[in-house]
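Asker: Predicted model follows, preceded by the sequence.
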Amino acid sequence: MALIKITKDDFTDDRQGRTFSDVYNDARYPFADALAFFSSAERQQRMEDAEIHHDRAPLAGVVREFEAQPKINLFLAEVHPKQTQRFRQSVGVLVRMIMERKGWRKTGKKGSLGVRAEKSKVSPAHNTGGLAFWFLRAERYELATGMPFRTAAERYDSLKSKLSKSKPQQSKSR
């Protein structure tokens, strides 16, 4: 398990990361805690395992543990929609940077992490169901060298194709 450590400088050098200066320069955001959380070989392995073995977004492999971090949870529980959204987006950039450095590339698809509750002015944006409480969607990735397993949908298409080829042709003569 090779550890990818993203520093604040790495983040600010990234084309997307630099657009989040409001997040990493404001002490009210728990951005340093996010950097520390994702600087774990075991967590990064779970992120890769989420894609490889569970056909889910990398964040799905660690989102519950991430949301359970006291400073992270406290920040996301505040009723400040723009700030909490910016923080969640910066986490997505951080995940992308890690995955790309591990040889993955974005698929352009999002994976569900939860079912969003109705909007409220007195309650922070949260989910009523799903895997995560604060995060709604996360980017999906694929290995640049190709995935080791086919998805259930790909396997179904293959099975359907085989079954249609093996059906005997009925004669049209009467």
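Answerer: Great, that's in hand. These numbers were taken from a predicted model, which means no experiment stands behind them.
Asker: State the mean pLDDT of the longest helix that the chain contains.
Answerer: Criterion DSSP state H: the longest helix present in the chain is helix 81-101. For helix 81-101, mean pLDDT is 96.
Asker: can you tell me how far residue 85 sits from residue 22?
Answerer: Residue 85 sits 12 Å away from residue 22, going by Cβ to Cβ, to the nearest Å. C-betas here are computed from N, CA, C, even on glycine.
Asker: what does residue 146 give?
Answerer: Residue 146 is 38 Å from residue 22, by Cβ to Cβ.
Asker: what does residue 124 give?
Answerer: On the measure of Cβ to Cβ, residue 124 and residue 22 end up 18 Å apart.
Asker: State the number of residues packed around residue 98.
Answerer: 21 (other Cβ atoms under 10 Å).
Asker: and it, what does it touch?
Answerer: 4, 6, 38, 44, 47, 58 (Cβ atoms under 8 Å, 6 or more residues apart in numbering).
Asker: Can you flag the buried ones in those residues?
Answerer: Burial by neighbour count, judged by 16 or more other Cβ atoms under 10 Å, picks out 6, 38, 44, 47, 58 from the contacts of residue 98.
Asker: possible to save those residues as CSV with secondary structure and distance to residue 139?
Answerer: Output for the buried ones among the contacts of residue 98, formatted as CSV (DSSP: H, G, I helix; E, B strand; the rest coil; distance: Cβ to Cβ, whole Å):
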residue, secondary structure, distance to residue 139
6, coil, 16
38, helix, 14
44, helix, 15
47, helix, 11
58, helix, 8
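Asker: Tell me the one of the residues you listed nearest residue 142?
Answerer: residue 58 (11.0 Å; Cβ to Cβ).
Asker: Test my guess that the closest one contacts residue 48.
Answerer: Yes. Contact between residue 58 and residue 48 holds when scored by Cβ atoms under 8 Å: they sit 6.9 Å apart.
Asker: shared neighbours of those two, anything?
Answerer: 99, 104.
Asker: Strands along the protein, start to end?
Answerer: Secondary structure of the chain, counting by DSSP state E: strands at 104-112, 114-116, 127-130, 137-143.
Asker: May I see the ones you listed organised as CSV, with mean neighbour count, mean pLDDT and distance to residue 153 added?
Answerer: Shown next, in CSV, are the strands of the chain (neighbours: other Cβ atoms under 10 Å; pLDDT from 0 to 100; distance: least, Cβ to Cβ, whole Å):
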stretch, mean neighbour count, mean pLDDT, distance to residue 153
strand 104-112, 14, 97, 12
strand 114-116, 14, 94, 22
strand 127-130, 13, 94, 20
strand 137-143, 20, 97, 13
